[in-house]
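Chemist: fold the following and give me the result.
(chains A and B, ligands or ions: 2)
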Amino acid sequence: MSLERFISDAISPWMKREGPESDIVLSSRVRLARNIHQYVFPIAADKESAHEVISAISTCMVEDNEEAEKLEMLMMEELKPVQKRVLVEKHLISPNLAEQAKYGAVLMNADESVSIMVNEEDHIRIQCLAPGFQLEEVLHRANEIDDSIEKNVDYAFDEKRGYLTSCPTNVGTGLRASVMMHLPALVLSKKMSRIIPAINQLGLAVRGIYGEGTEAQGNIFQISNQMTLGKSEEDIMEDLAGVVMQVIQQERAARKQLQDGLKLQLEDKLFRSLGTLENCRIIQSKEAAKCLSDVRLGIDLEILPGISKTILNELMILTQPGFLQQYAGEVLTPEERDIRRATLIRERIKLENR
Amino acid sequence: MNCEECHEREASLHFTKIINGEKTEFHICEHCAKEKGEFLPGSNSFSIHQLLSGLLHGDGHVPNTPSSNFIPPSLTCEKCGMSYYQFAKIGRFGCENCYKAFDSKLNPIFKRVHGGNTLHAGKIPLRAGSSIQEKKQLQQLKQALQQYILNEEFEKAAETRDVIREIEHRLQQGRDT
Ligand SMILES: [Zn+2]
Ligand SMILES: [Zn+2]
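Modeler: Ligands and ions are numbered 1, 2, ... in the order given. Model (predicted):
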């Protein structure tokens, strides 16, 4: 497969559009957790009840649904491990659905901006994604899908507690909204270590790119709400959006400071990182992520002209183990991956220079 | 900030544990989190549930047998068979009925997890929620009525009072049939 073709298969179509504030906000995501009335939650479900849940959802979302876009359904048990891994790396399913769920499934639309996980921790997890800072839009979209599912099934809902979820951390609205941000200047100027606790104190979580438990690779941070009970969806979104706006402003100010005060040092750093990516023969994911972050900053500050903006988003995903192995068409050891990663990055950058 | 376990790597996980009412900040790197085994089996992610389980137990003490602790045996969900002890251990409900079965124990947990909140204030499902929505609307109308009276906007107050009566009448009828 040609590299161009592979990239276009690997990158979800929604990622190719440019969104608001896209110099700093890579993507916005909303997830709604829902369960169907009368059925025990996936953790306690047997095969029969799990399959009934799948068929209830597929009936209303695949067959019945005229309003929502066409969704395609994939059963986890029919996928190979590397295929599931690729879905995780594209953020379309959770590691939990890929590795743990016994009777899991996922429904996706064509541009992959909507994915609905079935039988993950909850019966239904509606996820909507959009490029840049578009929290309101993704919530609106998720709500529409939620309403259209609800036309056909009764949700587990309680007047006092709201939407009843498997984990007490999701009860109430079942809403998890998150924004993926590229914050190289705040990290470089060592301000991030003060900002993270401040954000935590506001009841929001800050994590690395692949969610819970991952490091902030390539200066990419995910900010999301923690609380789901006692606040309306709109209030939750407003609080999160307010904090995100402030972080955007701080990052912009930090970028300006770097450019004004340390222009030559900054240029040196960014050009060196580009040089590394253009010339490496072996590269570990951590170094690749760091260099890619530098190159993306260089693009945003117009220090490195002639490279497309989507390169960071693309290569962050393409250089993950699942994609490297899919590209290679074989299972790779970590050492082999480091070599493949270097090759892939060099080839990708060559595409830019043509 | 450095990891509190290895003092070497950057701490990427930040938590607040509340032990015997005392708040402790807790910063750790991903590597050490894995080492500590605070980890879902088979999953790549640090488990919020393990952490939650710590919160549910308060002092971190896990009783050895369900019978040896203060939780009455009646705290078991009839529908899915999950006991409160199991729930506290895995940090997840087995079914919607667990919320009813463990109701007496949930407020403190929700307060800790959701910044002091225990009651839902968000979306209501359209289909199941028509009477809930009416009750909510009623509450809002009653507040508005108070405001109109305070502002001496008596015409609006009278209109609002009529709407309230109408809804109350409808809800009453719904209950009788
Ligand atoms: Zn550590
Ligand atoms: Zn139950």
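
Chemist: and the helix or strand where A:Gln249 lies, what's buried?
Modeler: A:Gln249 belongs to helix A:233-261 when assigned by DSSP states H and E. Residues of helix A:233-261 classed as buried: A:233, A:236-237, A:239-241, A:243-244, A:247-248, A:250-252, A:254-255, A:258 (neighbour count, 16 or more other CB atoms under 10 Å in any protein chain shown). For every residue, glycine as well, the C-beta is placed using N, CA and C.

Chemist: from those residues, which are also near chain B?
Modeler: Counting by CB under 8 Å from any CB of the partner chain, A:Glu233, A:Ile236 from the buried residues of helix A:233-261 sit close to chain B.

Chemist: closest to B:Tyr148 out of the buried residues of helix A:233-261?
Modeler: Nearest to B:Tyr148 among the buried residues of helix A:233-261, counting by CB to CB, is A:Glu233 at 28.4 Å.

Chemist: local confidence estimate at that closest one?
Modeler: If you check A:Glu233, the pLDDT there is 96.

Chemist: show me the contacts for it.
Modeler: Going by CB atoms under 8 Å, 6 or more residues apart in numbering or on different chains, A:Glu233 touches A:Leu139, A:Asn143, A:Thr173, A:Leu175, B:Gly122, B:Lys123.

Chemist: could you export stretch A:145-165 as PDB, CA atoms only?
Modeler: Extracted in PDB, the C-alpha atoms of stretch A:145-165 (Å, rounded to 0.1, in the frame of the first residue of the first chain):
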ATOM      1  CA  ILE A 145     -28.000  10.500  18.800                       C
ATOM      2  CA  ASP A 146     -29.000  10.000  22.400                       C
ATOM      3  CA  ASP A 147     -32.500  11.200  21.700                       C
ATOM      4  CA  SER A 148     -32.800   9.000  18.600                       C
ATOM      5  CA  ILE A 149     -31.700   5.900  20.600                       C
ATOM      6  CA  GLU A 150     -34.100   6.800  23.400                       C
ATOM      7  CA  LYS A 151     -37.000   6.700  21.000                       C
ATOM      8  CA  ASN A 152     -36.600   3.000  20.900                       C
ATOM      9  CA  VAL A 153     -35.400   2.000  24.300                       C
ATOM     10  CA  ASP A 154     -36.000   2.900  27.900                       C
ATOM     11  CA  TYR A 155     -32.900   4.100  29.700                       C
ATOM     12  CA  ALA A 156     -31.900   3.200  33.200                       C
ATOM     13  CA  PHE A 157     -32.800   6.600  34.800                       C
ATOM     14  CA  ASP A 158     -33.700   7.800  38.200                       C
ATOM     15  CA  GLU A 159     -35.200  11.200  39.100                       C
ATOM     16  CA  LYS A 160     -32.800  11.600  42.000                       C
ATOM     17  CA  ARG A 161     -29.600  10.200  40.500                       C
ATOM     18  CA  GLY A 162     -30.000  10.800  36.800                       C
ATOM     19  CA  TYR A 163     -28.600   8.400  34.200                       C
ATOM     20  CA  LEU A 164     -27.600   5.300  36.100                       C
ATOM     21  CA  THR A 165     -24.100   4.100  35.100                       C
END
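
Chemist: what stretches of chain B score poorly on pLDDT?
Modeler: B:14-26, B:33-74, B:128-131, B:173-177 (pLDDT under 70).

Chemist: where do the strands sit along it?
Modeler: B:13-19, B:22-28 (DSSP state E).

Chemist: could you find the closest non-adjacent residue to the residue in chain B that chain A sits nearest to?
Modeler: Here the residue of chain B nearest chain A is B:Asn117; by CB to the nearest CB that distance is 2.3 Å. Spatially, and ignoring its direct neighbours in sequence, B:Asn117 is nearest to A:Gly230 (2.3 Å; CB to CB, 6 or more residues apart in numbering or on different chains).

Chemist: surely the one you found touches B:Lys111?
Modeler: No. Shown here, A:Gly230 and B:Lys111 do not form a contact pair, counting by CB atoms under 8 Å, at 9.4 Å.

Chemist: the more surrounded of the two?
Modeler: Neighbours were counted for A:Gly230 and for B:Lys111 using other CB atoms under 10 Å in any protein chain shown; A:Gly230 has more, 21 against 14.

Chemist: mind listing what that one touches?
Modeler: A:Gly230 makes contact with A:Gly172, B:His114, B:Gly115, B:Gly116, B:Asn117, B:Thr118, B:Leu119, B:His120, B:Ala121, according to CB under 8 Å, 6+ apart.

Chemist: ok so, going back, do you know how far the residue of chain B closest to chain A is from B:Phe110?
Modeler: 7 Å (CB to CB, to the nearest Å).

Chemist: which one's more surrounded, the two?
Modeler: Each of B:Asn117 and B:Phe110 has its neighbours counted (other CB under 10 Å); B:Phe110 has more, 22 against 17.

Chemist: A:Met117: what's it in contact with?
Modeler: Taking CB under 8 Å, 6+ apart as the criterion, A:Met117 is in contact with A:Ile93, A:Ser94, A:Leu97, A:Gly104, A:Ala105, A:Val106, A:Ile124, A:Arg125, A:Gln127.

Chemist: isn't there a strand covering it?
Modeler: Yes. Under DSSP: H, G, I helix; E, B strand; the rest coil, A:Met117 falls within a strand.

Chemist: so what's it closest to, chain neighbours aside?
Modeler: Counting by CB to CB, 6+ apart, A:Met117 lies nearest to A:Arg125, which is 4.2 Å off, once chain neighbours are set aside.

Chemist: right, and the one you found touches A:Asn35 too?
Modeler: No. With contact defined as CB under 8 Å, A:Arg125 does not count as touching A:Asn35 (10.0 Å).

Chemist: flag the shaky bits of chain A, pLDDT-wise.
Modeler: Residues of chain A that meet the cut-off, pLDDT under 70, sit at A:1, A:62-69, A:101, A:208-216, A:353-354.

Chemist: ok so, going back, so who does the residue of chain B closest to chain A touch?
Modeler: By CB under 8 Å, 6+ apart, the contact set of B:Asn117 is A:Gly172, A:Met227, A:Leu229, A:Gly230, A:Lys231, B:Phe110, B:Lys111.

Chemist: strands of chain A, start to end?
Modeler: Under DSSP E, chain A gives strands at A:25-34, A:72-75, A:105-108, A:114-118, A:124-131, A:157-158, A:162-163, A:175-182, A:204-207, A:220-225.
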